[in-house]
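Asks: fold the stuff below for me.
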Amino acid sequence: MLLANVAPEWYKYNFTSAHHLAPGNGTAAHRRLSSDGYTDLYSFERQLGAGIATQFMENPDGDNYAELAGDIQNSQATQCFRDCERLKVDRLLLLPWPIFGHPVTLHFFANDLIMVFHFGLAVKEVTEALLPGGSLNPPSKAANPILATMGGVFGPVAVFFIILKVFMAAGMFPDEYTFEVLSKGWGIVTATDIPLAWLAALVVYGEGHPAIDYLLLLAVADDALGMVIIACFYQDPNNAAQPQWLLLVIMAMLLAYTFRKWHYRLERVHHQSWIPYVLICGTMSWIGLIKAKLHPALALVPIVPFMPGPTHETLEHMDDDVEERFEDAAADGHEGSGAGAGLRSRTGTETHDDAKGNMLAEHYDHARGRGITIQAGLYSGLIGHGVADALKVVEYDEDGNAHLNASTLDSFEHFWKIYVDFGLFLFALCNAGVQVKGAPGAMTWAILLSLIIGKYCGIMFFFKISKKCLGYPAPLGIRTRHVRMIGLIASLGLTVALFVSDVAFTDPKLKDDARLGALLSGFVGFACYAISLKFDFAAENVEKEIEAQIEEELAESGAPSRGGAAGVNIQMGVVANGDADGQIVAKEGGSDSAAVI
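Replies: The predicted structure is shown next:
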């Protein structure tokens, strides 16, 4: 954004969306792209020389060479301008030829290639959460955050349309913009930036707080819906869709399925690389999408789910072990009770402990999905960290020796995470540059207010519906004030919002205003930090929060009361140090011990 205002012409030429070159402009760029391929100043000179040479052979004594040169120059320039106008190309090209009619600019490289891996990593988190035993499988084990996700998507969309109607009625948009054009921005406000939200949550809550995992579950499910929205509602506005090319995507998926079946052909599986999935299947999917006039950045979305991942037992253990430790402590130390079974087995008149056992059973059935694997995956991509041992699987070498390796799915994330993080810097250069001239436009405020108000109100409303009306409790350690902060953090749309802004509008003014609104949403993180200083979430005693939560839920259900409740003295989180290497742990307070999951 700074570059766009300090050096607007240089920035515009190198990074932003391709722009027009009007006929008659005397400062034609040296590079041009036509429907026949790449032409530049030198190729034009060669064509001009060839025309003059031909005329000389036909008429050696002729004196109309200057006129011929002028005719050729005018016709070539006219054709060049027409081609530039059609393809909107007048900028630095990375390659001297187009790819399927698309000029290979920095903008194309960032949005259509780098974002392939960004969405690939996003769908990796979705896939791992949906695997058998994952945090979202079955969905009933994470019913509360899933419903909150619905609020995080539908809430901003509803607020966006309301604000749009109000702004249009107030005359804040020029008359040339119709409701049909302006309404295309609704998809910008749906997604949450997972890495940015994770960093903000770490600052606000401190490492190990269960609210972080709740937020990540919500953000991952949110982005899964966002990818569906991009694929279905944001197609190439200049070209009609060609669905026959989706057969190539289907072929890529079938090939990926074949690779997966080949991996599991033996009882003692060998390690399988992610490279064939990306290099072969991903390339086929990318070509199929770009030829079908759909956004090729989604090329790995249908491919990554076929990569072999952690086993059912591994994923189930990571969530269940933490949940059962919470419940055992809440059940007055009945070790191994598993979801409060020791309390639920009592008979006779219901006591406070009986009611607590039933309440713990409800939590186990509907609120034990914690998203621990998502946070472990984010840590594994950091420099100096590897895939957590708790996520590794047993594989065998050619000699039949067993080894503990990262699965294909986690290896893919561990390799690409650092490159994608740096690649997003280039993406930001190409998409975040907005030249500010005067006050921000109405679309800026529509996007920003929809993200903040819509995310907060939508998440809070569906959280209350889930808890009060449907009977789906929040995970242990998640109180209403935590969800309020989660609603604010979820409004950090940034990366995905910038991406959708680029495809939602064709009008440069609307596109820039929408980008500015997406950029300003990043400052919500500073507001969240300021609020956290007052409430001091990071200094909370999680075990006391769980104790208070259980007693509060029992009181709301009308259960028998007791003078005191069993103390819960457990914290869970991801250890981020060189020795533990991102392992998942459950800490039992008072014992100075840490059980590695």
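Asks: could I get the full set of strands for this structure?
Replies: Under the criterion DSSP state E, the chain carries strands at the ranges 31-34, 37-40, 393-396, 402-405, 570-574, 584-588, 593-596.
Asks: pLDDT of the last one, averaged?
Replies: Averaging pLDDT along strand 593-596 gives 34.
Asks: over to the fifth one?
Replies: Confidence for strand 570-574, expressed as mean pLDDT, is 43.
Asks: what of the third one?
Replies: Predicted confidence along strand 393-396 averages 88 (mean pLDDT).
Asks: tally of neighbours for Pro296?
Replies: Neighbour count of Pro296, defined by other CB atoms under 10 Å: 23. C-beta here means a position set from N, CA and C on the backbone, and glycine is covered the same way.
Asks: now Ala548
Replies: Neighbours of Ala548 using other CB under 10 Å come to 14.
Asks: what are the phi and psi values at the nearest residue to it once chain neighbours are set aside?
Replies: Excluding the flanking residues, the one nearest Ala548 by CB to CB, 6 or more residues apart in numbering is Arg479, at 7.6 Å. When read as degrees, to the nearest 10, the backbone of Arg479 gives phi -110, psi 170.
Asks: so what's Arg479 up against?
Replies: Arg479 makes contacts with Glu545, Ala548, Gln549, as judged by CB atoms under 8 Å, 6 or more residues apart in numbering.
Asks: these two touch, right, the last one and Thr480?
Replies: Going back to what we said before, that points to Gln549. No: the criterion here is CB atoms under 8 Å, and Gln549 misses it with Thr480 at 9.6 Å.
Asks: looking at these two, which is more packed in?
Replies: Neighbours were counted for Gln549 and for Thr480 using other CB under 10 Å; Gln549 has more, 23 against 13.
Asks: need the pLDDT of the more buried one.
Replies: For Gln549, pLDDT reads 79.
Asks: can you give me the distance of the residue nearest to Ala538 when sequence neighbours are not counted to Phe537?
Replies: Using CB to CB, 6+ apart and skipping residues adjacent in sequence, the residue nearest Ala538 is Gly206, 3.2 Å away. Per CB to CB, to the nearest Å, Gly206 is found 7 Å from Phe537.
Asks: cool, and Lys437?
Replies: Distance from Lys437 to Phe537, by CB to CB: 40 Å.
Asks: neighbour-wise, which of the two wins?
Replies: Per other CB under 10 Å, whichever of Lys437 and Phe537 has more neighbours is Phe537, with 21 against 10.
Asks: I'd guessed the more buried one sits against Tyr205; true?
Replies: Yes: the pair Phe537 and Tyr205 passes the contact test of CB under 8 Å, sitting 4.9 Å apart.
Asks: joint contacts of these two?
Replies: Ala211, His482, Met485.
Asks: neighbour-wise, give me the winner out of those residues.
Replies: Neighbour-wise, the shared contacts of Phe537 and Tyr205 (other CB under 10 Å) top out at Ala211, 26 neighbours.
Asks: so how far is Glu313 from the closest residue to that residue other than its chain neighbours?
Replies: Once flanking residues are discounted, Ala211 sits nearest to His482: 4.3 Å by CB to CB, 6+ apart. Counting by CB to CB, the gap from His482 to Glu313 is 30 Å.
Asks: repeat that for Val116.
Replies: Val116 is 32 Å from Glu313, by CB to CB.
Asks: and these two? which has more neighbours close in?
Replies: More crowded of Val116 and Glu313, by other CB under 10 Å: Val116, with 23 against 11.
Asks: check contacts around that one.
Replies: Gly282, Trp286, Pro296, Ala297, Leu298, Ala299, Leu300.
Asks: please redo it, this time with the cut-off set to 10 Å
Replies: 278, 282, 285-286, 289, 295-301, 420, 423 (CB atoms under 10 Å, 6 or more residues apart in numbering).
Asks: adding distance to Pro243 and pLDDT, write the residues you listed out as a markdown table.
Replies: Below are the contacts of Val116 laid out as a markdown table (distance: CB to CB, whole Å; pLDDT from 0 to 100):
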| residue | distance to Pro243 | pLDDT |
| --- | --- | --- |
| Val278 | 24 | 97 |
| Gly282 | 20 | 97 |
| Ser285 | 14 | 97 |
| Trp286 | 16 | 96 |
| Leu289 | 11 | 94 |
| His295 | 14 | 88 |
| Pro296 | 15 | 93 |
| Ala297 | 18 | 92 |
| Leu298 | 15 | 92 |
| Ala299 | 16 | 95 |
| Leu300 | 20 | 96 |
| Val301 | 17 | 94 |
| Val420 | 29 | 91 |
| Gly423 | 30 | 90 |
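Asks: and stretch 472-492, what's buried?
Replies: 472-478, 482-483, 485-492 (16 or more other CB atoms under 10 Å).
Asks: now the end-to-end length of it.
Replies: Taking CA to CA, to the nearest Å, stretch 472-492 runs 26 Å from one end to the other.
Asks: for burial, what's the neighbour tally of Gly152?
Replies: So Gly152, with other CB under 10 Å, has 30 neighbours.
Asks: that one and Leu294, how far apart?
Replies: For Gly152 relative to Leu294 (CB to CB), the value is 25 Å.
Asks: test my guess that Gly151 contacts Phe462.
Replies: Yes: contact between Gly151 and Phe462 holds when scored by CB atoms under 10 Å: they sit 3.1 Å apart.
Asks: pLDDT score assigned to Pro145?
Replies: Taking Pro145 on its own, its pLDDT is 88.
Asks: ok, it - contacts?
Replies: 135-136, 152, 213-222, 367, 369-371, 459, 462-463, 466, 472, 474-475, 478, 483, 486.
Asks: at 8 Å what do you get?
Replies: Counting by CB under 8 Å, 6+ apart, Pro145 has contacts Tyr214, Leu217, Leu218, Ala221, Gly369, Gly371, Pro475.
Asks: dump the residues you listed to CSV, plus distance to Ala432.
Replies: What follows is the contacts of Pro145, written out as CSV (distance: CB to CB, whole Å):
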residue, distance to Ala432
Tyr214, 29
Leu217, 28
Leu218, 25
Ala221, 26
Gly369, 34
Gly371, 28
Pro475, 35
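Asks: from these, which is closest to Leu520?
Replies: Set against Leu520, the nearest of the contacts of Pro145 by CB to CB is Leu218 (21.7 Å).
Asks: the closest one is in contact with Gly151, isn't it?
Replies: No: with contact defined as CB under 8 Å, Leu218 does not count as touching Gly151 (9.2 Å).
Asks: overlap of the contact sets of the two?
Replies: Here Leu218 and Gly151 have Ile459 as joint contacts, going by CB under 8 Å, 6+ apart.
Asks: give me the more crowded residue out of these two.
Replies: A side-by-side neighbour count of Leu218 and Gly151, using other CB under 10 Å, places Leu218 first with 31 against 26.
Asks: OK, contacts around that one?
Replies: Per CB under 8 Å, 6+ apart, neighbours of Leu218: Pro145, Ala148, Thr149, Gly152, Thr192, Ile459, Ile486, Ala490.
Asks: one more time with 6 Å
Replies: The contact partners of Leu218, taken as CB atoms under 6 Å, 6 or more residues apart in numbering, are Pro145, Ala148, Thr149.
Asks: returning to that earlier point: so which of the buried residues of stretch 472-492 are in helices?
Replies: Taking DSSP state H, the ones among these that sit in helices are His482, Val483, Met485, Ile486, Gly487, Leu488, Ile489.
Asks: measure how buried Phe179 is and give me the count.
Replies: The number of residues near Phe179, taken as other CB under 10 Å, comes to 11.
Asks: which one is it nearest to, not counting chain neighbours?
Replies: Met168 (6.6 Å).
Asks: and for Ala252?
Replies: Met284 (3.8 Å).
Asks: next one: phi and psi at Gly133?
Replies: Per-residue torsions, Gly133: phi 90, psi -10 (degrees, to the nearest 10).
Asks: give the residue spans of the stretch 101-250 of the chain that score low on pLDDT.
Replies: 237-238 (pLDDT under 70).
Asks: helices of that one, start to end?
Replies: With DSSP state H, counting those that start in this stretch, the ranges of helices along the stretch 101-250 of the chain come out as 106-109, 115-130, 143-169, 179-182, 194-205, 210-233, 246-263.
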